[in-house]
Each structure stands twice: as C-alpha cells, then as structure tokens.
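Visitor: What follows is a predicted structure for the sequence shown.
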Amino acid sequence: MATVSVCQYHPGGFSFENCKRNALLEADINKLGFSSPAARKTGTTICGVVYKDGVVLGADTRATEGMVVADKNCSKIHYISPNIYCCGAGTAADTEMTTQIISSNLELHSLSTGRLPRVATANRMLKQMLFRYQGYIGAALVLGGVDCNGPHLYSIYPHGSTDKLPYVTMGSGSLAAMAVFEDRYRPNMEEEEAKRLVRDAIAAGIFNDLGSGSNIDLCVISKGKVDYLRPHDVANKKGVRTGSYRYKHGTTGVLTKAVTPLSLEVVEENVQTMDTS
Amino acid sequence: MCGLLPRVLQLRSSFKMATALRFPANVSTFNNYNDLHPDWTQREVSTGTTIMAVEFDGGVVIGADSRTTTGAYIANRVTDKLTPIHERIFCCRSGSAADTQAIADAVTYQLGFHSIELDEAPLVQTAASLFRDMCYRYREELMAGIIVAGWDRRRGGQVYTVPVGGMMTRQPVSVGGSGSSYIYGYVDSNYRTGMSKEECLKFTAEALTLAMERDGSSGGVVRLAVISEQGVERQAILGNQLPKFSTV
C-alpha cells in the first residue's frame, strides 16, 4: 500500500514550491521595513583546452570565504614544473598545498631521472595522493602541459579519479564554460583561436555563475615556451564614482553641546619592558 | 604500491563528500536543493554504467558505455571503461571512478610484476584473483563492480565477474553496472553457446544500446574490444551508428 509522503524529493528541474512562500515572506519583510537577503557566491571556473601546439589553461580570479570575496585577484593557475601548470578549484588551501607538494616531488623526480617531467607523472602523483585522502582534500584540478609525447590535459577530481580529454572544465562555473566548449571546440586549433575560446569559456563562468568573478587569467603552454598571462582580460573593472561624497565643514549644524568630565584615579601601575634588542 | 589502499578511515559507506564544503545553516532538511552548492559539486564521480563481456571460442568480446556522472552532470561523455591490465587481459569498470581507477592501477602493477617473475604471460584467472583479493579485503571502503576478461594460452577466452563485495566467479556472459538491470532478460534470451566473434560483437552492441536507452547513468558511445590470441582489436560505435530498436 503506497502512502503519499508529504515531503517528496524532487529529482530535477525547477521546483516552484517555494515561490508562493517567498512572495509572502518578502511582502511581510518589506512591511516591516527590511529587505530580503541578497544572493551569495561560492566557487570557481577553471578550464583547459588542447590546441595544435600545446595547451591553454584558463581561470577566473575570485576567492570567496563563505559569503564574502576574500581575494578579488587571486592566482588559480599553479606552477608544477617548467612545462606543466595546474588550475585548482575547491578549497583554496588544499589546491595550493597539493600542487606545491607535487611540484616539489616532481622536481626531485626530474633531477633523479635527468629528464623533463611528463604530465602523466604529475597526474599519477596527484591522483594517488587525493585517493589516499578519500576526498577529504577538496581539490578539483585541471592539469595541463607539454612533454616529450606532446600536449596533454587531465581533469582530476577530489576523490582521485582522472579523465584525459581534449577539453575540460571544473568548478561551480564549469557547466557554463563547458557549454561554450561544446559549441566551439575544434581539434587542432591555432593559438589565437584557442585563447579566445578559453577566454570566452571563463567569461561565461564569470557572468553566469554566482560563484566566479573578477578577471580572466590564461596560461599558454607550448613546446619550450610558457606564456603566463595574468591578467589576460580584466572583465570586471571597478566603476568610477560619478559624484563627490565629501561634505564641507559646517554642513551639519550643531544644535547643543554638553561636556561631562570623567574623573579617573590611578589604582595600579605596572611597567612591562619591551625587548628591543 | 601494496600500501596504496591502507587501512583507511571508517567513512564513505554512508557519507559521500566530493569537496570540503559544508552545508550552510539555511539548507532545508526536506528539499535537498541548495543553490549555493549545486548537487553535482558534492557528488562523487561515478561510472553509472553498463558493462558486458562474452566468451567465444578463441577469445572474448567486451563492451561498455562511455558516461561518467557526478550526480546529474555528465563529467565525461567519452570515458574509456575498458582498461588494459596486461597485453591480453582487460577489465571493465563500474562503480566509483576513483576506486576503480586506483584498483586497476594497483592490479596492473601487481600483474606486471608477477608476469616478469614468471617470465610468461599471466593467466586471466590470476588477474581476476588479484581484483578479488583487493575488492574483498577493502570491501567496506570500496564501491567497485569489475568484469575481468581476456585470453590466455591455458584456457582461451575467459570472463570473470567481481561484483561489489568481492565475490569472484567465471561466467560465459556477464553484465554489470546500473544499466545491467535492464538487459538481463535480453541477455538470457539471446545468448547461445558457440557464437562466432561477429555474432558476439552484434550481441554485445545491441545489449549495450538497449541498456543505454533506458538507464540515465549510461550513454555516449559504445566501446567494444575483441581479445584473442592475435591481440586486441578496439572499436567505438558512435551515437548515430547505434543499432535501432522500437521507436517508442
């Protein structure tokens, strides 16, 4: 016998359930003179694409701390080795430290082998570390570079799974960026076209995802050359104030002035010398 | 590399966390929606999947779909779930993408080492046993359903299935993954012993197509591979080339 549950889980699509409730709440709140809470932002847009001579990595530059933008211009494209760079989404500390650890290990490995490191090696190291921590390290990465076997691009998820693909996006803005890629990606693009494509994908994330914002950083890696373009595009310039908001002295008239002296007596005095040596 | 899956934290069986983000206080307990943290940023990557393997005289035919999902988002629509473990031994992966990739990497290493020690090609049963040992030992921490298939000189083409939990058994035909539920009837009624390689390929492609049609977590292209004494032949059947069934 099936009993209809009052609280049913809606599997997909927009749920209009709360619209009526929101309208009532909004009306009540406005009657009291307050305004309803504003939208909050979290997340990132990072992406990468393989083109004819190498890879192009892109990222937005906003770092959020809960409901506040902590850094308006942070760098999400991290150095791994001279020919390998990695974009990081998720917990900023996790992506930063993970990429630094692997960069360090990869340099030692490279000195040991006497060869330029391969992207597959960096991928292995990252996935094994993330798997070991069973997803508790919240680092979602886009790893790209050029080595002796050509250009490579990997996406690495926090639980340790990886995908090797010609174009990848990660972060909360990844759906917007992926929409741009699915529309305009072609194999063996020229450098300028690839840069435009990545720039547009990140811009889609910035303008359509509440979690991404500020500028667009690009990193173009090809054989023997890396162009770290930071910022490549300042998509959100700070506005210029149209008026002056400084008031002249005497604008506000003084109606009354009352002075109350506070008499304090010294109860205890102790001196702590500062060690300035 | 044996320490790859150490005695890990008691977690995972009930609580999946794709990122370290926490639910803020304004999440309703009834409606699982939260616009600040969309569903797919918090789900683990899963190869929802349909995988299949069939033995024939002289080898095996293996097949899989190509969809990897994080919740409702398709993270990779061209995944290769047919992973080589050795020259003539493959595994079909279903379940958690991270778990199956890590297990496959570990077994590839162990089997390669074993093969060098033996100085001959390893048996398919050995590969399947290695998978079984790992999947059974860490059964609480892992979510992996694997089909091991290949060819060796001693017993020819073989298919072994290692489902979630770590059982291992040899079967002439095996299906796995979330989409397999929809094709048990088709497989049971259409499988015959003594099919040729071409018949097996057609059988596998049709079964996978039917599963992909009905299962939301399976889709993309159909990847097929034939493993025999001559080696491995791989092919992919793209969306528009898939066999067509009823137009309902």
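Guide: Yes, it's here.

Visitor: All the helices of chain B, residue numbers only.
Guide: Counting by DSSP state H, chain B has helices at residues B:39-42, B:97-118, B:124-137, B:184-190, B:197-214.

Visitor: Figure out which of these is closest to chain A.
Guide: Distance to chain A, taken as C-beta to the nearest C-beta, is lowest for helix B:97-118 among the helices of chain B, at 3.5 Å. Any C-beta I mention is one placed from the backbone N, CA and C, and that applies to glycine too.

Visitor: Tell me which residues of the closest one come out buried.
Guide: B:97-108, B:110-111, B:115 (16 or more other C-beta atoms under 10 Å in any protein chain shown).

Visitor: Give me every residue in the stretch 151-277 of chain A lying close to chain B.
Guide: The stretch 151-277 of chain A comes close to chain B at residues A:155, A:157-163, A:165, A:172, A:175, A:210, as judged by C-beta under 8 Å from any C-beta of the partner chain.

Visitor: Can you flag the buried ones in those residues?
Guide: The neighbour-count test (16+ other C-beta under 10 Å) applied to these identifies A:155, A:157-163, A:165, A:172, A:175 as buried.

Visitor: Need these in JSON lines (columns: distance to residue B:177).
Guide: Shown next, in JSON lines, are these (distance: C-beta to C-beta, whole Å):
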{"residue": "A:155", "distance to residue B:177": "22"}
{"residue": "A:157", "distance to residue B:177": "19"}
{"residue": "A:158", "distance to residue B:177": "23"}
{"residue": "A:159", "distance to residue B:177": "18"}
{"residue": "A:160", "distance to residue B:177": "20"}
{"residue": "A:161", "distance to residue B:177": "16"}
{"residue": "A:162", "distance to residue B:177": "20"}
{"residue": "A:163", "distance to residue B:177": "18"}
{"residue": "A:165", "distance to residue B:177": "21"}
{"residue": "A:172", "distance to residue B:177": "28"}
{"residue": "A:175", "distance to residue B:177": "25"}
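
Visitor: between the buried residues of helix B:97-118, which is nearest residue A:63?
Guide: Comparing the buried residues of helix B:97-118 against residue A:63 with C-beta to C-beta places residue B:98 closest, at 26.0 Å.

Visitor: re earlier: in the residues of the stretch 151-277 of chain A next to chain B, which has the lowest confidence score?
Guide: The lowest pLDDT within these belongs to residue A:210, with 80.

Visitor: mind listing which of the residues of the stretch 151-277 of chain A next to chain B are in strands?
Guide: A:155, A:162-163 (DSSP state E).

Visitor: of all those residues, which comes closest to chain B?
Guide: Of all those, residue A:163 has the smallest distance to chain B: 4.5 Å, by C-beta to the nearest C-beta.

Visitor: Please name the residues that touch the closest one.
Guide: Residue A:163 is in contact with A:154-155, B:68, B:75-76, B:79, counting by C-beta atoms under 8 Å, 6 or more residues apart in numbering or on different chains.

Visitor: Make JSON lines from the residues you listed and add distance to residue A:215 to it.
Guide: Below are the contacts of residue A:163 laid out as JSON lines (distance: C-beta to C-beta, whole Å):
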{"residue": "A:154", "distance to residue A:215": "25"}
{"residue": "A:155", "distance to residue A:215": "23"}
{"residue": "B:68", "distance to residue A:215": "31"}
{"residue": "B:75", "distance to residue A:215": "27"}
{"residue": "B:76", "distance to residue A:215": "29"}
{"residue": "B:79", "distance to residue A:215": "33"}
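
Visitor: distance between the one helix or strand residue A:22 maps to and the chain's centre?
Guide: Secondary structure from DSSP states H and E places residue A:22 in helix A:17-32. How far helix A:17-32 lies from its chain's middle: 33 Å, per C-alpha atoms, centre = their mean, to the nearest Å.

Visitor: send the alpha carbons of that helix over as PDB?
Guide: This file holds the C-alpha atoms of helix A:17-32, laid out as PDB (Å, rounded to 0.1, in the frame of the first residue of the first chain):
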ATOM      1  CA  GLU A  17       7.200  25.000  -4.400                       C
ATOM      2  CA  ASN A  18       8.800  27.800  -2.500                       C
ATOM      3  CA  CYS A  19       7.800  30.700  -4.800                       C
ATOM      4  CA  LYS A  20       4.500  31.300  -3.100                       C
ATOM      5  CA  ARG A  21       6.100  31.200   0.300                       C
ATOM      6  CA  ASN A  22       8.900  33.500  -0.800                       C
ATOM      7  CA  ALA A  23       6.400  36.000  -2.100                       C
ATOM      8  CA  LEU A  24       4.500  36.000   1.300                       C
ATOM      9  CA  LEU A  25       7.800  36.300   3.200                       C
ATOM     10  CA  GLU A  26       9.000  39.100   1.000                       C
ATOM     11  CA  ALA A  27       5.800  41.100   1.500                       C
ATOM     12  CA  ASP A  28       6.000  40.600   5.300                       C
ATOM     13  CA  ILE A  29       9.600  41.600   5.400                       C
ATOM     14  CA  ASN A  30       9.000  44.700   3.300                       C
ATOM     15  CA  LYS A  31       6.100  45.700   5.500                       C
ATOM     16  CA  LEU A  32       8.500  45.700   8.500                       C
END
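
Visitor: Next secondary structure after that helix?
Guide: The helix or strand immediately downstream of helix A:17-32 is strand A:46-50, counting by DSSP H and E.

Visitor: Next secondary structure element downstream of that following strand?
Guide: strand A:54-60.

Visitor: ok so, going back, wait, which of the buried ones among the residues of the stretch 151-277 of chain A next to chain B is closest to residue A:123?
Guide: So of these, ranked by how close each gets to residue A:123 (C-beta to C-beta), first place is residue A:162, at 5.7 Å.

Visitor: Please identify which pair of the buried ones among the residues of the stretch 151-277 of chain A next to chain B lies farthest apart.
Guide: Greatest spacing in those, by C-beta to C-beta: A:160 and A:175 (22.4 Å).

Visitor: what's around residue B:145, how many residues?
Guide: Other residues within reach of residue B:145, judged by other C-beta atoms under 10 Å in any protein chain shown, total 24.

Visitor: my read: it touches residue B:179, true?
Guide: No - counting by C-beta atoms under 8 Å, residue B:145 sits too far from residue B:179 to count as a contact (11.6 Å).

Visitor: Can you list the residue ranges for helices in chain A?
Guide: Using DSSP H, helices in chain A cover A:17-32, A:92-113, A:119-132, A:174-184, A:191-208.

Visitor: Now do the contacts for the most centrally placed residue in chain B.
Guide: With distances taken as C-alpha atoms, centre = their mean, the residue of chain B nearest its centroid is residue B:93 (2.1 Å). By C-beta under 8 Å, 6+ apart, the residues touching residue B:93 are B:47, B:49, B:51, B:64, B:81, B:83, B:100-101, B:104, B:144, B:146.
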